[in-house]
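>>> Sharing a model that was predicted from the sequence below.
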Amino acid sequence: MDVKQKWNCLALASIHIIKFTSRIRYIHERRSIRKTGKMLDIERMIQTNIPDIAPVYGGVRGRTISSHKQAYAWKTVVAAGLKQVIDLRKDYSADRYPELCRQYGIDYFHYPIDNDQETIAKMVELFPEFCKKIDQGDFYIACAMGLHRTDIALCTYWVFYAADKGIVPPEIRGYRRADGHDTGKIMRILNALYKYWTAQNGKEPMPITVFRERKEIINELSKK
């Protein structure tokens with residue numbers, strides 16, 4: 001088999017992977033409450049019409065609900081069973097969001113996303129807790145717009161943790177080719193994390209071939 005044939009086979013396999021993961025993701029999101037015992041009423045969350053809201057891993061993603069424009073949604077999301085908020089904004093330092101969470105009895109977790117060295121180190125430090133939060137479900141995860149840094153965070157969760165557990169990759173909603181974006185920043189942060197973990201532990205977090213395969217799946221998903 002020559003190089004061109006190999007690439008054609010890879011492209012065909014990628015298409016099948018996208019179709020398969022999309023179907024499995026749909027089933028996973030719709031059954032997450034029944035299978036895991038989570039309490040979040042995702043349909044009720046979606047009906048708030050928060051911009052770019054969508055189900056993901058037993059929780060939801062969307063535009064930050066710290067904004068005054070989303071103040072109308074708080075009573076509904078609390079009534080729907082929201083238990084925790086994951087805030088991905090590196091530069092957010094106001095008290096409003098943590099205070100709102102305290103007011104409504106919701107756990108607030110700050111997981112900053114960026115590709116500078118200091119933030120990469122913080123992401124590595126907080127990564128086990130971040131994965132635990134996602135696994136617990138009943139969460140609202142967002143950056144400012146709920147798109148790009150949210151894609152990065154969820155891809156980080158999948159590449160370095162969830163893929164090993166047979167969990168499907170996340171839907172790409174910000175870095176989509178159809179909207180004129182590419183996955184360059186996702187890849188830069190994934191590469192920086194891989195490099196940091198390798199230096200920190202003296203070995204790669206996974207074989208480089210596996211890492212490349214997982215990144216390629218993300219690239220293919222961004223083309224949908």
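Perfect, I can see it now. Numbers count the residues shown, from 1 in each chain.

>>> which ones are touching the nearest residue to residue 104 once chain neighbours are set aside?
Nearest residue to residue 104 in three dimensions, chain neighbours excluded: residue 78, at 4.9 Å (Cβ to Cβ, 6 or more residues apart in numbering). For every residue, glycine as well, the C-beta is placed using N, CA and C. Shown in contact with residue 78 (Cβ atoms under 8 Å, 6 or more residues apart in numbering): 104-106.

>>> Please produce a ChimeraX select command covering the buried subset of those.
Entered in ChimeraX, the line below selects the buried ones among the contacts of residue 78, by 16 or more other Cβ atoms under 10 Å:
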select :106
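
>>> Let's see which of the contacts of residue 78 end up in helices.
The helices in this structure, assigned by DSSP state H, contain residue 104 from the contacts of residue 78.

>>> got the contacts of residue 78 as JSON lines, with distance to residue 151 columns?
As requested, those are exported to JSON lines (distance: Cβ to Cβ, whole Å):
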{"residue": "104", "distance to residue 151": "27"}
{"residue": "105", "distance to residue 151": "29"}
{"residue": "106", "distance to residue 151": "23"}
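
>>> Can you tell me which of the contacts of residue 78 is nearest residue 202?
Closest approach to residue 202 among the contacts of residue 78 (Cβ to Cβ): residue 106, at 39.0 Å.

>>> Pretty sure residue 204 sits against residue 194.
Yes: using Cβ atoms under 8 Å, residue 204 is in contact with residue 194, at 7.1 Å.

>>> which of the two has more neighbours?
Each of residue 204 and residue 194 has its neighbours counted (other Cβ atoms under 10 Å); residue 194 has more, 18 against 13.

>>> Report the contact partners of that one.
Residue 194 neighbours (Cβ under 8 Å, 6+ apart): 204-205, 211.

>>> Check which residues of whichever strand or helix holds it are buried.
Take DSSP states H and E as the rule and residue 194 turns out to sit in helix 184-201. Residues of helix 184-201 classed as buried: 185-187, 189-190, 192-194, 196-197 (neighbour count, 16+ other Cβ under 10 Å).

>>> Stretch 103-113 now?
Residues 106, 109-113 are the ones in stretch 103-113 that count as buried (16+ other Cβ under 10 Å).

>>> nearest to residue 135, of the residues you listed?
Once Cβ to Cβ is applied, the member of the buried residues of stretch 103-113 that ends up nearest residue 135 is residue 109, at 12.9 Å.

>>> which non-adjacent residue is nearest that closest one?
Nearest residue to residue 109, sequence neighbours excluded (Cβ to Cβ, 6+ apart): residue 86, at 5.1 Å.

>>> doesn't that neighbour fall inside a strand?
Yes: counting by DSSP: H, G, I helix; E, B strand; the rest coil, residue 86 is part of a strand.
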